[in-house]
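S.K.: model this:
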Amino acid sequence: MRVPTLHLRARLHRIARFWRTSELTRGIVLIILVGLASGMGAVIFRWMISGFQTGFFEGGATALSFLGRYYVVVLPALGGLLVGVLVYFFAREAKGHGVPEVMLAVAAAGGRIPVVARDDPSRLLGVLRRHDIVRAYTKAVAGEQGR
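M.R.: Numbers count the residues shown, from 1 in each chain. Modelled structure (predicted):
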């Protein structure tokens with residue numbers, strides 16, 4: 001029983017020696033692993049989208065055949081209703097921090113956007129005004145042109 005332990009030790013020693021080689025080698029290996037994992041995640045995500053689209057629209061056409069061609073309007077409405085219920089009951093923090101809220105704040109509140117703390121949304125940190133945003137954008141554009 002002594003031989004398998006030596007074989008395992010030798011293998012572990014080789015792995016440890018490989019990881020001690022250089023920071024560059026470790027970085028390259030980790031970059032490759034992250035890239036492969038990200039690529040596989042993207043492919044799986046695309047397959048899932050295609051599968052759900054096929055399942056819902058082809059299966060939905062069968063299940064909602066009494067609606068005729070209008071099932072194409074009903075399915076996204078049902079999806080929106082489902083997402084609304086999920087956000088309302090399970091992910092309230094996902095509501096209220098998107099582009100529509102910022103556009104409404106700029107248009108309706110005279111161009112003032114309240115800046116609140118992430119950990120305590122009731123604590124006001126400051127107010128961004130429309131001309132602050134325009135000035136920052138202008139500086140960023142001017143800085144890019146000056147390079």
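S.K.: Which elements pack onto the longest helix along the chain?
M.R.: Among the segments of the chain that qualify as a helix by DSSP state H, the longest is helix 23-63. Secondary-structure packing of helix 23-63 (3 or more Cβ pairs under 8 Å, 6 or more residues apart in numbering; DSSP states H and E): helix 71-90. All C-beta spots, glycine's among them, are computed from the backbone N, C-alpha and C.
S.K.: Helix 23-63 and the helix it packs on, what's the angle between them?
M.R.: 120 degrees (axes from the mean of the first three to the mean of the last three Cα atoms, to 10 degrees).
S.K.: helices and strands around the helix or strand of the chain with the lowest mean pLDDT, which ones?
M.R.: Lowest mean confidence among the helices and strands of the chain (mean pLDDT, DSSP states H and E): helix 99-108, at a mean of 71. In terms of contacts (3+ Cβ pairs under 8 Å, 6+ apart), helix 99-108 is packed against strand 112-116.
S.K.: Going by neighbour count, which residues of the strand it packs on are buried?
M.R.: I113 (16 or more other Cβ atoms under 10 Å).
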